[in-house]
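> Prediction below, plus the sequence it came from.
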Amino acid sequence: MNPNLTDYGIVLAGHGSRDADGVREFESIVDLLKERASARTITHGFLEFAKPTIDEAAKANVQKGSRRVAIVPGVLLAATHAKNDMPAEVLVLQRDFPDVTFHYGAPLHFHPLILKLSRERIIQAEAQSAKIIKRSDACLVVVGRGTTDPDANSDVSKLARILEEGLGFGASFVCYSGTANPLVADGLQAAARLGFSRIVVFPFFLFTGILVKRIYAAADDLQRTFPKLDVVQAPYLGVHPHVADALIERAEEAVQGQASMNCSLCKYRTQIVGYEQEVGTPQQGHHFHVRATCREPVAEKLIVLKPARYIPHPIEVKSFEVIENNFDWSAYEPLTRAILQRIVHTSGDFEVVKDIFISSGADEAGLRALLKGTPILTDVTMVQSGLRRTVLDQLGLLTSCMVHDEETRLLAKASGLTRSAAGIRRGWERFGNNVIVAIGDAPTAVEEALRLVREQKWSPHLIVGLPVGFIGTQECKEKLRRCLQINRITNRGTRGGSPWAAAVINALLITAINRQTVILEESPMEKAAPKMV
């Protein structure tokens, strides 16, 4: 960076409020700015309703020695105040202080930190409810300030859509606290009639004030009108380090003359809510539904589909010969035998066989699900890493482990869950019943899965629960064994672990890939063509 651009002061320019609580919160964010950018001179001012004014704040900044001043709008969206009122103030200041360079910054808009904080506020609100409801059964209502600027009003709709898709809500709805329609009360009533089990009301406001308090009052009225509807009130953004850091970044952009374009929200360039894992993802096709086979043209109109098969390493072949020859497997069906032998191979112990429990038909249910392309959810990355990647790729299967996701961390913190348990809950939200669950580490993940089965009627194709340890491990596996509603594979005792869980899934994967058969098919053109003699 140019050294001449590193020495500047910051004026945080707010609108002002008739509500004393709102003014105090604005002053609190100024205090936080001073903590996080302590090397800078930072002052603040308001357009109306409060003191000091913006020109007084700028004058104070200059009197403290600043020769470059970044004036940053302390507002969310670019409407009349950010487009007209505040720039007019900057022009007057430049005339009054000709020896000082003033730089005008952009509003916060959808800074990635603002999106992250929006998500955090929504998760906090959901965690306060006594009910566990899937996001797909909930409607997010985003309440904007409302202006005469259609561009700013449309930004509220854009935010709602980003959060709806990123967080997996069943729908989103937008209303406004004033000027634009629908107004809050009408919007909440309309959202309630959409038929969702929950309404999450999120005021997209920086600080409290008269309008925010009216929004929460309208949400209370909605709850009284619809007592069976779960109306959840999310906090507004408020005083938070994410807000302070975003404002500091806007000041830096102003001094450097950098514009904030829409590409700054590209999911391949920066971490956007719900798509963090896609940063830097290479471009690739996503419409290849069958990847387990390799097409080879062997005649002009005839295609042979050659299925891939699992080819074990020679050492693995010898190991399984030992396993086959040193234990009586005659009592077990082929698929059950494959699972048990994989666990023996992983553990190095034939004695584990007597402790393994496979509910009736569970192994076949898991195999059928994999052949249909069902995704696999794991509690920890060690289970996910232990799965045979080449076989997964040949079958075109998705694996998912959410334990390290930012949303999982926030959910765990807000709900008092472990991260592994929170990851299982998020997997339930994302996949519903169309999933295979493999738990090899956390008893709390088993407990959460059982709670979702019991309370939310969750019915995954198969739950493999083989955690290892001494605290809660035997108990949770016994509960899983006795859970008659689901297909399950578990064991008795303290033994188990991620390699065991991965071994069970690998046995099913290898069986699935080896069941593929050679298919001969004619092209549609050949079927339609007349046969030549």
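Received the coordinates, thanks.

> contacts, neighbours, all on C-alpha from now
Will do.

> pLDDT-wise, which helix or strand of this structure ranks last?
Within the chain, no helix or strand scores below strand 519-522, which has a mean of 34 by mean pLDDT, DSSP states H and E.

> Strands along the stretch 201-350 of the chain, start to end?
For the stretch 201-350 of the chain, the strands defined by DSSP state E, counting those that start in this stretch occupy 230-233, 293-297, 302-307.

> any low-confidence regions in the chain?
Scanning the chain for pLDDT under 70 picks out 1-6, 259-308, 516-533.

> same thing but 80
Within the chain, the stretches with pLDDT under 80 are 1-6, 258-309, 516-533.

> Which segments of it make up each domain?
As assigned by automatic domain parsing, the chain contains the domains 3-107+242-265, 112-237, 309-514.

> Tabulate these (a markdown table), appending mean neighbour count.
Shown next, in a markdown table, are the domains of the chain (neighbours: other C-alpha atoms under 10 Å):
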| stretch | mean neighbour count |
| --- | --- |
| domain 3-107+242-265 | 18 |
| domain 112-237 | 19 |
| domain 309-514 | 19 |
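
> Roughly how far does residue 20 sit from residue 428?
If you measure residue 20 against residue 428 using C-alpha to C-alpha, to the nearest Å, the figure is 43 Å.

> go on, residue 511?
For residue 511, the distance to residue 428 (C-alpha to C-alpha) stands at 26 Å.

> what do you get for residue 76?
34 Å.

> now swap in residue 118 and tell me
22 Å.

> in the stretch 51-200 of the chain, which spans are helices?
54-63, 80, 86-96, 112-128, 150-167, 184-192 (DSSP state H, counting those that start in this stretch).

> Tabulate those (TSV), appending distance to residue 326.
Formatted as TSV, these follow (distance: least, C-alpha to C-alpha, whole Å):
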stretch	distance to residue 326
helix 54-63	84
helix 80	81
helix 86-96	83
helix 112-128	53
helix 150-167	52
helix 184-192	65
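
> can you tell which of the ones you listed is closest to residue 501?
The closest of the helices of the stretch 51-200 of the chain to residue 501 is helix 150-167. By C-alpha to C-alpha, the value is 28.8 Å.

> by how many degrees do that closest one and helix 112-128 diverge?
Angle, helix 150-167 to helix 112-128, by axes from the mean of the first three to the mean of the last three C-alpha atoms, to 10 degrees: 60 degrees.

> Touching helix 150-167 from outside, list them.
77-79, 110, 119, 135, 140-144, 146-147, 169-174, 180, 272-275 (C-alpha atoms under 8 Å, 6 or more residues apart in numbering).

> thought residue 373 was touching residue 393?
No: between residue 373 and residue 393 there is no contact under C-alpha atoms under 8 Å: 11.0 Å.

> mind listing what residue 30 touches?
Counting by C-alpha under 8 Å, 6+ apart, residue 30 makes contact with 12, 42-44, 244.

> try residue 252
Taking C-alpha under 8 Å, 6+ apart, one finds residue 70 in contact with residue 252.

> Could you check how far it is from residue 43?
Relative to residue 43, residue 252 is positioned 16 Å away (C-alpha to C-alpha).

> Once you drop chain neighbours, what's closest to residue 481?
In space, residue 481 comes closest to residue 490 once its chain neighbours are excluded; the distance is 6.6 Å by C-alpha to C-alpha, 6 or more residues apart in numbering.

> wait, doesn't that neighbour sit right on residue 357?
Yes: when contacts are counted by C-alpha under 8 Å, residue 490 is listed as touching residue 357 (5.2 Å).

> which stretches of the stretch 401-533 of the chain form helices?
Using DSSP H, counting those that start in this stretch, helices in the stretch 401-533 of the chain cover 406-415, 419-431, 443-456, 473-481, 498-514, 524-528.
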